[in-house]
Every structure is written in C-alpha cells, then in structure tokens.
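Student: predicted model and sequence follow; I will ask about them next.
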Amino acid sequence: MEKVKEFELKLRDGKDLHMYEWLNVEKPKGILQLVHEHVNMLCLRYQDFANFLNKNGYLVIANNHRGHGKTVKNKEDFGYFADENGWQILVDDLYEVNKYIQENYPRLPIVMFGHSMGFFSSALCNWTRVIR
C-alpha cells in the first residue's frame with residue numbers, strides 16, 4: 001500500500017477540513033479531486049482506487065466533509081454541516097479544496113469525481129462555480 005499524506009486545510013470561515021493526498025507519481029498527467037459519499041469510513045476506503053490512479057499517472061486529493069471522518073472534532077458533530085444552508089457550505093468547501101489544488105498544481109488538469117452524495121455535491125460545485 002502506498003503512503004497517503006494527511007493534513008488540515010484551513011477554510012475561509014476558520015474551520016479545518018481533513019485532507020488526503022496520494023502523490024506517488026513521478027510525472028503526473030492530472031489530478032482527481034475525490035468527493036466521498038455520506039458514510040463515516042470516508043476517504044481512506046478509496047485507498048486502492050487512489051493507488052491504482054497513482055500507478056496510472058494521476059494524483060488524488062480528497063477531503064473529509066464537515067461532520068465526517070477526521071474533520072469531526074466532537075462526536076456530536078458527526079453528520080452535521082451547519083444550522084442553515086448546509087449544502088451550500090459543502091459546495092463552498094469543495095470549491096475551496098479545488099482552489100487549493102489549482103494553486104498547488106497550476107499546470108495539471110483537475111477532474112472532480114464524486115460518489116453518491118459526493119456526485120451531487122460535486123455536480124452542484126461544477127454548476128455554480130468556475131472549476132478548472
């Protein structure tokens with residue numbers, strides 16, 4: 001199993017998202033921004049998929065949403081996005097992750113790929129934001 005880098009990304013509102021980067025590629029062709037579904041196993045369940053993409057020349061970057069996985073700091077926050085406009089905040093967070101990717105890998109194409117709930121949130125992000 002290849003290594004995954006984990007860190008916290010500070011958002012515009014001061015919240016942190018737990019991030020995962022699979023960067024085991026010498027000459028990357030592009031980046032997959034992975035958007036997970038609504039479960040608590042989350043991003044690390046995609047380890048084999050990310051390793052497969054790395055072996056085929058693609059970096060993979062993902063985050064745990066608010067209320068999910070290692071982004072949660074208190075157990076009562078599991079599954080919680082916000083009191084109001086939770087979907088909008090989720091979409092804003094995905095856009096911030098995308099901007100982080102653009103700033104750190106400016107010459108690589110990015111594909112935002114979502115599964116289940118991740119599909120709907122990534123589609124909303126693409127429909128309402130300029131995504132590279």
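Tutor: Arrived safely. Numbers count the residues shown, from 1 in each chain.

Student: how much space between Thr71 and Glu8?
Tutor: For Thr71, the distance to Glu8 equals 8 Å [CB to CB, to the nearest Å]. Where you see a C-beta, it was placed from the backbone N, CA and C, and this is true even at glycine.

Student: residue boundaries of the strands in this protein?
Tutor: Assigned by DSSP state E, the chain shows strands spanning 5-10, 16-22, 30-35, 58-63, 110-114.

Student: got JSON lines for these, with mean neighbour count and distance to Asp92 too?
Tutor: Putting these into JSON lines (neighbours: other CB atoms under 10 Å; distance: least, CB to CB, whole Å) gives the following:
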{"stretch": "strand 5-10", "mean neighbour count": "12", "distance to Asp92": "13"}
{"stretch": "strand 16-22", "mean neighbour count": "21", "distance to Asp92": "11"}
{"stretch": "strand 30-35", "mean neighbour count": "22", "distance to Asp92": "13"}
{"stretch": "strand 58-63", "mean neighbour count": "24", "distance to Asp92": "12"}
{"stretch": "strand 110-114", "mean neighbour count": "18", "distance to Asp92": "14"}
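
Student: let's have the ones you listed in CSV, adding mean pLDDT.
Tutor: What follows is the strands of the chain, written out as CSV (pLDDT from 0 to 100):
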stretch, mean pLDDT
strand 5-10, 96
strand 16-22, 94
strand 30-35, 94
strand 58-63, 96
strand 110-114, 87
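
Student: what's the closest of the ones you listed to Thr128?
Tutor: strand 110-114 (12.5 Å; CB to CB).

Student: got the CA positions of the closest one in CSV?
Tutor: Output of strand 110-114 as CSV, limited to C-alpha atoms (Å, rounded to 0.1, in the frame of the first residue of the first chain):
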residue,chain,number,x,y,z
ILE,A,110,-8.3,18.6,-12.5
VAL,A,111,-11.3,16.2,-12.6
MET,A,112,-13.7,16.5,-9.7
PHE,A,113,-15.1,13.0,-9.1
GLY,A,114,-17.9,12.3,-6.7
